[in-house]
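S.K.: Provided below for reference: sequence and predicted model.
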Amino acid sequence: MRIYYSGPDAQVDRERFVWRTSSPRIFVVRDLKNVVRVRCNVPDRRPNPALLVSLLMTAMAGASWMLASPVVGAALGFLAVLAAAAAMVSRPRRTVYEWQVRATYLGSYVTVYASADQRVFNQVTRALLRAVEDARPTRADHGLAAA
């Protein structure tokens, strides 16, 4: 069996494509039609450290209001509001791209593979396209008889 690509997140061989996720997806290569590559924008899910600090300061302000004095609590609350404003302004919005392979599989339009790493995505895509091309029937496979 010819293996076109084998990595930690996908495996492409002559007969099937396996996308290793939490629940692996397996596709029969000869049933994949209209294979295309798509670049998608996805939301940036990284935590914002300045916003986390402002939340901590807000909790400290509430505790100090009760334990120390209202003046200390108000001062810490004001600093927490300033930290939250700085967190909103200082962090630039980052566009995160995810590359996807989409195809028609058994009559349904599905995402066959997705990755944020462009280099690995290109390797997997090239391997999948080679496997799809090799799975196409040739003229000799049409069952024509010679007279």
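M.R.: Thanks, I have it.
S.K.: name the helix or strand for Glu133, please.
M.R.: helix 118-135 (DSSP states H and E).
S.K.: what of Met57?
M.R.: helix 49-67.
S.K.: ditto for Ala74
M.R.: Assigned by DSSP H and E, Ala74 falls in helix 70-90.
S.K.: which elements pack onto that helix?
M.R.: If contacts are counted by 3 or more C-beta pairs under 8 Å, 6 or more residues apart in numbering; DSSP states H and E, helix 70-90 sits against helix 49-67. Where C-beta positions appear, they are placed from N, C-alpha and C, glycine not excepted.
S.K.: contact partners of the helix it packs on?
M.R.: 72-77, 79-81, 83-84, 86-88, 90-91 (C-beta atoms under 8 Å, 6 or more residues apart in numbering).
S.K.: quick one: that helix to helix 70-90, angle?
M.R.: 170 degrees (axes from the mean of the first three to the mean of the last three C-alpha atoms, to 10 degrees).
S.K.: next one: helix 49-67 to chain centre, how far?
M.R.: 34 Å (C-alpha atoms, centre = their mean, to the nearest Å).
S.K.: in this structure, where is pLDDT below threshold?
M.R.: Along the chain, the model assigns pLDDT under 70 to residues 44-48, 50-51, 65, 88-94, 138-147.
S.K.: break it down into its structural domains.
M.R.: The chain breaks down into these domains under automatic domain parsing: 3-41+95-140, 49-90.
S.K.: I'd like these as TSV, with mean neighbour count appended.
M.R.: Output for the domains of the chain, formatted as TSV (neighbours: other C-beta atoms under 10 Å):
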stretch	mean neighbour count
domain 3-41+95-140	15
domain 49-90	14
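S.K.: tell me the two of the contacts of helix 49-67 that are most distant?
M.R.: Greatest spatial distance among the contacts of helix 49-67 (C-beta to C-beta): Val72 and Arg91, at 28.5 Å.
S.K.: any idea how far Pro24 is from Arg2?
M.R.: From Pro24 over to Arg2 the distance is 20 Å, taken as C-beta to C-beta, to the nearest Å.
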